[in-house]
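Enquirer: next one to model:
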Amino acid sequence: MSTDVESFFDPATFTLTHLVTDPTSKTCAVIDPVLDYDPKSGRTSTDGADKVIARIRERGLTLGWVLETHVHADHLSGAQHITAALGGRIGIGANVTNVQKTFIDIYNLTDVAPDGSVFDHLFEDGETIEIGALKGHVMFTPGHTPACITYVIGDAAFIGDTLFSPDYGTARCDFPGGDGAVLWDSMQKILALPDATRLFLCHDYLPNGRALMTHTTVAQQRAENIHLLAAADGESYAKMRAARDAGLSMPVLILPSVQVNVRAGQLPPAEANGVSYLKLPVNRL
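Expert: This next block holds a predicted model:
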């Protein structure tokens, strides 16, 4: 039986949030939720996350998990808002501690422990994950960041930013700790899954104005991904990736998002006036 997945698209950040449900127990998990953020005003809102919450309530589901595939650099996580409304635990890969250490230093964060304890659970490579009666497992798939993981649940895999749609390619590797050769190896792990496995994307950038694509398959990625077809091995891929990354600008929301997402989606503690402030590290990135 095909894994029950619903997808929600955030057009402001081109992010896909996925709702995975066990129909037997009516337990669900939310993967990579978004907190809306306006960089011009510094205001957050919860429209996107509220749509996910409303759907869970409409279907009479119980939230077991909010799962992050990595520390996102292009959107703020809606994990805290969703768990505050519905309960559930927030999980991420165990190597998040490496990312926390890097960005705690860059932002001089004094309130965050670099041990992953702000998350409810840190998944190890190969660890089993349960969503009601559904059982899956975690694969470490670093390269885009050191902490990227893939959740494999039945015939579905939630691959974060390792692979995009075949007509868009693969993830950049120029963030701290990124590595093109490592990403190549991670992609090979994903592509070793059965051909019919559905690969659910974290983003779809709608190249050439085409319709939204929420997922592809292993077979489609092998046959059609423009970056995989352009490289014969990890060395050639890493060279190609480095050349492409050198011409890319930083994501619009990288500065606010990373300092929130290493906190599992929490805003910085409010200061004496009751206001939370985001930092801008000057000349560090």
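
Enquirer: identify the residue nearest the geometric centre of the protein.
Expert: Thr69 (3.8 Å; CA atoms, centre = their mean).

Enquirer: how about the contacts made by that one?
Expert: Ile31, Asp32, Cys148, Ile149, Thr150, Tyr151, Phe158, Ile159, Gly160, Asp161, Cys202 (CB atoms under 8 Å, 6 or more residues apart in numbering). Bear in mind the C-beta positions are built from the backbone N, C-alpha and C, glycine included.

Enquirer: pairing partners for Ile129 in the sheet, please.
Expert: Gly136 (DSSP bridges).

Enquirer: that one: neighbouring residues, count only.
Expert: For Ile129, the neighbour count with other CB atoms under 10 Å is 19.

Enquirer: what separation is there between it and Ile90?
Expert: Noted for Ile129: a distance of 13 Å to Ile90, by CB to CB, to the nearest Å.

Enquirer: identify the contacts common to those two.
Expert: Trp65, Leu67.

Enquirer: what's the helix or strand harbouring Leu199 packed up against?
Expert: Element membership of Leu199, judged by DSSP states H and E, is strand 198-200. Judged by 3 or more CB pairs under 8 Å, 6 or more residues apart in numbering; DSSP states H and E, the packing partners of strand 198-200 are strand 4-10, strand 156-158, strand 215-217.

Enquirer: how far does it sit from its chain's centre?
Expert: 13 Å (CA atoms, centre = their mean, to the nearest Å).

Enquirer: that strand pairs with which strands, parallel or anti?
Expert: strand 156-158 (parallel), strand 215-217 (antiparallel).

Enquirer: how about residues contacting it?
Expert: By CB under 8 Å, 6+ apart, strand 198-200 touches 2-3, 5, 7, 16, 18, 31, 155-159, 163, 190, 214-218, 221.

Enquirer: can you put the strands paired with strand 198-200 in TSV and add mean neighbour count, distance to Asn108 and mean pLDDT?
Expert: Converted to TSV, those look like this (neighbours: other CB atoms under 10 Å; distance: least, CB to CB, whole Å; pLDDT from 0 to 100):
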stretch	mean neighbour count	distance to Asn108	mean pLDDT
strand 156-158	24	33	98
strand 215-217	20	39	98
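
Enquirer: how about the helices in the stretch 51-200 of the chain?
Expert: For the stretch 51-200 of the chain, the helices defined by DSSP state H, counting those that start in this stretch cover 79-86, 96-107, 180-191.

Enquirer: flag every buried residue along stretch 196-208.
Expert: Thr197, Arg198, Leu199, Phe200, Leu201, Cys202, His203, Asp204, Leu206 (16 or more other CB atoms under 10 Å).

Enquirer: strands along the stretch 101-250 of the chain, start to end?
Expert: Assigned by DSSP state E, counting those that start in this stretch, the strands in the stretch 101-250 of the chain fall at 121-123, 128-131, 134-140, 149-153, 156-158, 198-200, 215-217.

Enquirer: Phe37: what secondary structure?
Expert: Residue 37: Tyr, not Phe. The assignment at Tyr37 comes out as strand when based on DSSP: H, G, I helix; E, B strand; the rest coil.

Enquirer: quick revisit: so which of the helices and strands packed on strand 198-200 is nearest Val118?
Expert: Checking the helices and strands packed on strand 198-200 against Val118 by CB to CB gives strand 156-158 as the closest, at 21.5 Å.

Enquirer: contacts for the closest one next, please.
Expert: If you take CB under 8 Å, 6+ apart as the criterion, strand 156-158 is touched by 2-3, 5, 18, 20, 31-32, 67, 69, 150-151, 190, 193, 197-200, 202, 215.
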